[in-house]
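K.L.:
sequence unknown, structure follows:
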């Protein structure tokens, strides 16, 4: 086995400065095994690496400097380190495909990740506080609108700027399908108009911000009937007076999906058959290391 480190960092162009000479590679790593990309670098080392348990800040600094030098050499560029970012570490094995558990830092690498939901950052920690803020704004708007309407003895007719919000008068969901709310959000974002054909599996979890639902469904193009039926994944949150769809993605033709669903490390769906897309944009239950969910 080999130890794998995937640091992220911020760079800037050097001005009249020579390349940094780091001398011996940190923890006896071999530079030939560094794999740079645009903003990250995967570094392979022996699994006997004795420096792995050293201070995290020093480790990020050393690995980031190494990655910058490799990037400069391979891309004929002249960058210097400005700020280090998170460091992902794990083991790589060519014999078995690793489960990255939705980690955005490691989704393109065969790095095994632990199943403890609070044990590592996955690159989407901003999603939870952003979603909390959006939901609070919607709740405040509805509460103030209802109060004003009651005072004036008028009907409350909301006007939401977010395309994924659907008001539920009298808390009723009987005639409102979550799939239609998600497709409306998709249409406003992507400009392609689909209509629901068939509902699919749904996973529901109750967290502090409401009922979070991950769902699959099939839909067809309203304009072009020759387009194959597509399968979608959506995240819809149910609150007291509204549905909130903040993520909807087409997964491709329904007949091309594998039989076994890839939940991409989602803790909310580990016992369901809901197909998930790779990447960010939806909650997986791994966003908050302090367990705020």
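P.N.:
Happy to help now that I have it. Just so you know, these numbers come straight off a predicted model, no measurement behind them. Residues are numbered from 1 along each chain as shown.

K.L.:
Pull out the buried positions in the longest helix seen in the chain.
P.N.:
Identified as the longest helix of the chain according to DSSP state H is helix 127-151. Neighbour counts over helix 127-151 (16 or more other Cβ atoms under 10 Å) mark 127-128, 131, 134-135, 138-139, 141-142, 145 as buried. Every residue, glycine included, has its C-beta placed from N, CA and C.

K.L.:
Report the lowest-confidence entry in those residues.
P.N.:
On pLDDT alone, residue 127 ranks lowest of these, at 78.

K.L.:
which ones are touching the closest residue to residue 180 other than its chain neighbours?
P.N.:
Using Cβ to Cβ, 6 or more residues apart in numbering and skipping the chain neighbours, the partner closest in space to residue 180 is residue 196 (6.1 Å). Taking Cβ atoms under 8 Å, 6 or more residues apart in numbering, we find residue 196 in contact with 177, 179-180, 183, 217-219.

K.L.:
can you pull the pLDDT of residue 196?
P.N.:
So residue 196 comes in at 96 (pLDDT).

K.L.:
Kindly report the domain assignment for the chain.
P.N.:
For the chain, the structural domains run 2-92, 127-269, going by automatic domain parsing.

K.L.:
looking at this, residue 183 is in a helix?
P.N.:
Yes. Per DSSP: H, G, I helix; E, B strand; the rest coil, residue 183 lies within a helix segment.

K.L.:
returning to what we had before: would you mind putting the contacts of residue 196 into JSON lines with pLDDT alongside?
P.N.:
As requested, the contacts of residue 196 are arranged in JSON lines below (pLDDT from 0 to 100):
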{"residue": "177", "pLDDT": "91"}
{"residue": "179", "pLDDT": "96"}
{"residue": "180", "pLDDT": "96"}
{"residue": "183", "pLDDT": "97"}
{"residue": "217", "pLDDT": "97"}
{"residue": "218", "pLDDT": "97"}
{"residue": "219", "pLDDT": "97"}
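
K.L.:
of those residues, closest to residue 201?
P.N.:
Of all those, residue 201 sits closest to residue 217, with 9.1 Å by Cβ to Cβ.

K.L.:
correct me, but the closest one touches residue 236?
P.N.:
No. Counting by Cβ atoms under 8 Å, residue 217 does not reach residue 236; the two are 10.7 Å apart.

K.L.:
Need the residues touching each of these two.
P.N.:
With Cβ under 8 Å, 6+ apart, residue 217 and residue 236 have common neighbours residue 182.

K.L.:
The residue nearest to residue 180 sits in which helix or strand?
P.N.:
Per DSSP states H and E, residue 196 falls inside strand 194-207.

K.L.:
what angle do that strand and helix 127-151 make?
P.N.:
100 degrees (axes from the mean of the first three to the mean of the last three Cα atoms, to 10 degrees).

K.L.:
list the buried ones in strand 194-207?
P.N.:
194, 200, 202-203, 205.
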